[in-house]
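1. no sequence on this one, just coordinates:
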């Protein structure tokens, strides 16, 4: 693994009104079969794993993410762009506020029925 922290983060604006400032803190380069884990203050964990063919974008949405207090949503913005978002269950109100402010919509929760039953 190679990690390069930016001493001065690159910043850029996003959001419908460009009201959100994102700070790009650095880059991580993983070799095949290496993983990094992001942790939350509430001890939730989110893993990203490099494979020879690409990445596992999430841990299992119906097991590991649920056990660590996350839900997984496929979200579409007003431009039709689609994202996978990992939501802390304890912050669901903030997530819903964000969706409304940014005119985003949940297309599908990946960890809920009927999708899980159909798979």
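-> That came in fine, so what should we check first? In this text the structure is predicted, and so the values were computed from the model without any measurement.
2. what residues does the longest helix along the chain touch?
-> Determined from DSSP state H, the single longest helix within the chain is helix 92-101. Here helix 92-101 makes contact (Cβ atoms under 8 Å, 6 or more residues apart in numbering) with 15, 16, 71, 75, 85, 87, 88, 104, 105, 106. C-betas here are computed from N, CA, C, even on glycine.
3. Next: stretch 37-45.
-> With Cβ under 8 Å, 6+ apart as the criterion, stretch 37-45 contacts 46, 47, 48, 59, 64, 68, 69, 70, 88, 90.
4. Just the buried residues from these, in PyMOL please.
-> This is the PyMOL syntax for the buried subset of the contacts of stretch 37-45, where burial follows 16 or more other Cβ atoms under 10 Å:
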select buried, resi 46+48+59+68+69+70+88
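5. can you tell me which two in the contacts of stretch 37-45 are farthest apart?
-> Of all pairs drawn from these, the widest gap by Cβ to Cβ lies between 48 and 90 and measures 21.6 Å.
6. that older thread, check the contacts of helix 92-101 for burial and list the buried ones.
-> Looking at these with 16+ other Cβ under 10 Å, the buried ones turn out to be 71, 75, 85, 87, 88, 104.
7. Give me the distance between the fourth one and residue 57.
-> Between residue 87 and residue 57 the distance, using Cβ to Cβ, to the nearest Å, works out to 15 Å.
8. do the last one as well
-> Summarising the geometry, the distance separating residue 104 from residue 57, computed by Cβ to Cβ, is 18 Å.
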